[in-house]
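Trainee: need a 3D model of the following:
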Amino acid sequence: MSMKPIRAAIAGALLVLSGCSFTDQALVPSLAGEQGTTAASPSTSNQTASATAVTTTTTAAPSSNPQQLNSGNFQPSGVTPGQPTGTLVGKKVEDLRGDLTRLQTSVADENNQLQQLRNQAITNANNYHSTVAAIESKLQVGTTKGNPILVAQWNQAQTQLEAVNTDLGRMNSLANEVASNAALASYLLEATRAAFGISGAVDEDHRQLAILEDETNRTTVLVDRLLTELTEDVSRQTNYLASERSNLNTLALAVNNGELYGQSFSARNYAPAMAPAMPPGSGIATGRPLVVIRFDRDNPDYEQALFAAVSATLDRRPNAAFDLVAVAPAAGTPAQISLNTNNARRSADKVMRSLTSMGLSPDRVSLSTMTSQTAQTNEVHLYVR
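Mentor: Residues are numbered from 1 along each chain as shown. From the prediction side, this is the model:
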């Protein structure tokens, strides 16, 4: 089935959907309840279509490629040996030369650690993406809800992503060590230059000092470049992990329901808003909900179509926010209306959790409650503002 029916329904329709729930931070498949009847009711004609009219297979959105790390190799060139001159300045040159040698040894060790961490991080990321690709391939062709094989693969992917997080922690520790060496390199360069002003030197002292100054300066530049690339790697790795954790949450939701969704909403890049943000409730004022979910049965199956609707909206309006409204029937006694309102609010909370699991930031969704004379059962409406 193509995406055209779903996109047409999104543009001018109320999607009446059904689905099941997801537990955040853990992949605990919920197998209770049968799939309910699904229908689309275009707002322009008020006609009702069959369940198959909005059933669609979502094309897999590729998971983020393994993070691209820098490739610089920072190997010190060594320190030129010198001969003692017997002067006070000559002794100072020997001390500075020894300090520079120890610094370069430390930098060489840190460079080796960085190369190993980069290789390890890329290997762990590749392993993670291979597992995710296997899960998405199975979801693409169709599978059962909470397939235990996919659950096990998801847990494996989570472990592999934590290995990438461990690599990040080691990179952070290494960055602190390199920063200390950068400060030491700057100090040695200043001390070497200051040694030219010490009295009692012979020509050989100044010749050796000039060589030492050049080598210390090159070492300082090398350490600065090492720290710059390492800092960039840490930043990229941090962003990568945040994105993939959100994608993994969305993938857990897909495994739970046996349906492939796509990339987490949080993985998208949102451009700065060009106009002031509209206040909560402004979407409700349009009177045209993007999605209507009827909770006329236990565990309605709504998440696949909800993901498609929100995804299409964000494609057109990357800075869109949403109003989520729990709608309860206004008919009956005050006690019955109160009970319906509480039940509708719980249903809206469930949809809110679904949107959060899909990667939509909670600060982009306002949640409210209302009653309706026309509603026959508890409903949840999603508006765009």
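
Trainee: show me where the stretch 151-300 of the chain has its strands.
Mentor: 291-294 (DSSP state E, counting those that start in this stretch).

Trainee: tell me where it has helices.
Mentor: Ranges of helices within the stretch 151-300 of the chain are 203-257, based on DSSP state H, counting those that start in this stretch.

Trainee: residue ranges with poor pLDDT in it?
Mentor: 267-277 (pLDDT under 70).

Trainee: what about Lys145, how many residues close to it?
Mentor: 18 (other Cβ atoms under 10 Å). Just so you know, the C-beta spots here come from the backbone N, C-alpha and C atoms, and that holds for glycine as well.

Trainee: measure it to Ser311 for me?
Mentor: To Ser311, Lys145 is 21 Å away according to Cβ to Cβ, to the nearest Å.

Trainee: same question for Val141.
Mentor: The gap separating Val141 from Ser311 is 21 Å, by Cβ to Cβ.

Trainee: the more surrounded of these two?
Mentor: Neighbour comparison, Val141 and Ser311: the larger count goes to Ser311, with 20 against 8 (by other Cβ under 10 Å).

Trainee: I'd say the more buried one and Ser264 touch.
Mentor: No. In this structure, Ser311 is not within contact of Ser264 by Cβ atoms under 8 Å, at 10.3 Å.

Trainee: what sits opposite Arg294 in the beta ladder?
Mentor: Applying DSSP bridges to Arg294 gives these bridge partners: Glu379.

Trainee: got the domain ranges for this structure?
Mentor: Following the assignment in automatic domain parsing, the chain carries domains at 4-58+265-384, 88-257.

Trainee: can you redo these as a markdown table with distance to Asn70?
Mentor: Shown next, in a markdown table, are the domains of the chain (distance: least, Cβ to Cβ, whole Å):
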| stretch | distance to Asn70 |
| --- | --- |
| domain 4-58+265-384 | 22 |
| domain 88-257 | 4 |
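
Trainee: which among those domains is found nearest to Gly78?
Mentor: With Cβ to Cβ as the criterion, Gly78 lies closest to domain 88-257 of the domains of the chain, at 6.9 Å.

Trainee: so Ala125 sits in a helix?
Mentor: Yes. According to DSSP: H, G, I helix; E, B strand; the rest coil, Ala125 belongs to a helix.

Trainee: nearest spatial neighbour of Ser311, skipping sequence neighbours?
Mentor: Nearest non-adjacent residue to Ser311, counting by Cβ to Cβ, 6 or more residues apart in numbering: Gly262, 6.5 Å away.

Trainee: pull out the buried residues from stretch 373-385.
Mentor: 375, 378-385 (16 or more other Cβ atoms under 10 Å).

Trainee: wait, I meant stretch 331-350
Mentor: For stretch 331-350, burial by neighbour count (16+ other Cβ under 10 Å) applies to 340-341, 344-345, 347-348, 350.

Trainee: before we move on, back to that, now the residue nearest to Ser311: how far from Val351?
Mentor: Per Cβ to Cβ, Gly262 is found 18 Å from Val351.

Trainee: of these two, who's got more company?
Mentor: In this view Gly262 and Val351 are compared by other Cβ under 10 Å, and Val351 has more residues nearby, 26 against 22.

Trainee: can you give me the neighbour number for Leu174?
Mentor: By other Cβ under 10 Å, neighbour count at Leu174 equals 20.

Trainee: please name the nearest non-neighbouring residue to it.
Mentor: Gln113 (5.6 Å).

Trainee: now do the helix or strand the one you found falls within and helix 203-257, the angle between them.
Mentor: Assigned by DSSP states H and E, Gln113 belongs to helix 88-141. Calculated by axes from the mean of the first three to the mean of the last three Cα atoms, to 10 degrees, helix 88-141 forms an angle of 20 degrees with helix 203-257.

Trainee: list the contacts of the residue nearest to Asp205 when sequence neighbours are not counted.
Mentor: Using Cβ to Cβ, 6+ apart and skipping the chain neighbours, the partner closest in space to Asp205 is Val89 (4.2 Å). By Cβ atoms under 8 Å, 6 or more residues apart in numbering, Val89 lies in contact with 195, 198, 200-202, 205, 209.

Trainee: hmm, try it at 6 Å
Mentor: Each residue near Val89 by Cβ atoms under 6 Å, 6 or more residues apart in numbering is listed here: 198, 201, 205.

Trainee: shouldn't the last one be in contact with Gly90?
Mentor: Think Asp205. Yes. Counting by Cβ atoms under 6 Å, Asp205 touches Gly90, with 5.2 Å between them.

Trainee: neighbour count winner among the two?
Mentor: Asp205 (23 against 19).

Trainee: how about the contacts made by that one?
Mentor: By Cβ under 6 Å, 6+ apart, the contact set of Asp205 is 85, 87, 89-90.

Trainee: what about it, distance to Ala195?
Mentor: From Asp205 over to Ala195 the distance is 8 Å, taken as Cβ to Cβ.

Trainee: next one: Asn165
Mentor: For Asn165 relative to Ala195 (Cβ to Cβ), the value is 46 Å.

Trainee: same thing with Leu251?
Mentor: To Ala195, Leu251 is 61 Å away according to Cβ to Cβ.

Trainee: what's the distance between the nearest residue to Leu212 once chain neighbours are set aside and His129?
Mentor: Spatial nearest neighbour of Leu212, chain neighbours left out: Thr192 (5.5 Å); criterion: Cβ to Cβ, 6+ apart. According to Cβ to Cβ, Thr192 stands 48 Å off from His129.
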